[in-house]
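**Student:** Build me a model:
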Amino acid sequence: MPDAGSTETGFWKTLGSRLEGAPLDAIKLVAAVLMIGDHVDTILLDGHAVPLWRLGRIAFPLFCLAAALHLARGHDPGRYVLTLLLIAVPTQPIYATAFPYGTTEASILVTLAAGTAFAVWLAKAGAWRHAVLAAGLACVLLLPSLAKTGVDFGLAGVLVPGAFLLALTGRAGGVAWLVAVIFALNVHGWHPRGEAPLPSAMFDAATILVGVAAIVLFAMGLQGRPRFLPRYALHAFYPGHLLALVGLRAAGFAIGS
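**Tutor:** This next block holds a predicted model:
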């Protein structure tokens with residue numbers, strides 16, 4: 001999705017061509033597995049399995065990367081957003097049951113939908129994109145109560161798909177914005193017991209960036225193979241896995257139950 005101000009690089013052309021078919025499905029599948037671990041820790045283990053939670057931080061950026069790849073290839077963003085929202089509506093009651101904060105914020109499906117719409121606008125915004133991203137980051141860092149309301153991962157989560165799209169399509173400052181947004185994603189969230197927020201956020205951001213890079217390199221090894229996930233498989237998986245975990249908690253398979 002280049003524009004007149006874009007500076008396309010060989011990096012995007014190489015990465016985009018290597019992440020079609022099976023490689024992109026592999027990224028989505030790894031993200032789903034990491035998300036399961038994170039949610040098992042939150043719903044069943046009361047946050048005691050910190051490694052599962054920490055690895056789970058990689059999942060959302062991977063889904064954002066997948067969304068950015070679809071946009072950069074010219075997929076219909078309106079259809080993508082509409083599909084997410086249609087699934088988000090029946091999923092919300094399950095989300096609200098699974099997580100204590102689920103009654104005051106929308107699920108990750110809404111975050112991805114909003115982030116996708118924002119990414120489309122950002123790609124066409126020209127030089128204004130830098131001012132908008134700077135304002136968004138300032139809000140995340142300086143007004144955390146405001147920036148965390150509404151959707152899972154808050155305003156920072158909405159910024160991530162757009163930052164990925166800028167980086168992947170070689171726009172000026174794209175990689176720097178991506179690093180900054182990933183850091184902001186972790187600043188004001190939950191941190192493991194006993195960890196200072198700032199060092200913890202820096203460590204989590206590094207975990208995400210290194211983890212995403214490693215998973216992308218792994219996925220490139222599947223280049224040339226066809227996709228293996230059924231269409232909309234992950235859309236059904238998200239509410240399905242939450243429902244299963246809520247059922248296990250209700251059946252007594254949880255710490256403190």
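**Student:** Quick check: the gap between the residue lying closest to residue 226 once chain neighbours are set aside and residue 34.
**Tutor:** Leaving aside its sequence neighbours, residue 226 sits nearest to residue 21 (Cβ to Cβ, 6 or more residues apart in numbering; 5.1 Å). Every residue, glycine included, has its C-beta placed from N, CA and C. Remark: distance between residue 21 and residue 34 (Cβ to Cβ, to the nearest Å) = 21 Å.
**Student:** Same check on residue 161?
**Tutor:** Applying Cβ to Cβ to residue 161 and residue 34 gives a distance of 18 Å.
**Student:** So for residue 46, what's the nearest residue that isn't a sequence neighbour?
**Tutor:** Residue 46's closest residue in space is residue 255 (Cβ to Cβ, 6+ apart), at 4.5 Å.
**Student:** That neighbour: how many residues sit nearby?
**Tutor:** 11 (other Cβ atoms under 10 Å).
**Student:** can you check residue 162 too?
**Tutor:** Applying other Cβ under 10 Å, we find 31 residues neighbouring residue 162.
**Student:** Please give me every residue in contact with it.
**Tutor:** Neighbouring residues of residue 162 by Cβ atoms under 8 Å, 6 or more residues apart in numbering: 68, 115, 118-119, 121-123, 129, 133.
**Student:** Which pLDDT value goes with it?
**Tutor:** Residue 162 carries a pLDDT value of 96.
**Student:** a strand runs through it, doesn't it?
**Tutor:** No: counting by DSSP: H, G, I helix; E, B strand; the rest coil, residue 162 falls outside a strand, being helix.
**Student:** Please point out which parts of stretch 47-67 sit buried.
**Tutor:** Buried positions in stretch 47-67, judged by neighbour count with 16 or more other Cβ atoms under 10 Å: 49, 52-67.
**Student:** start to end distance for it?
**Tutor:** Start to finish, the residues bounding stretch 47-67 are 28 Å apart (Cα to Cα, to the nearest Å).
**Student:** mean confidence for that stretch?
**Tutor:** pLDDT averaged over stretch 47-67 gives 96.
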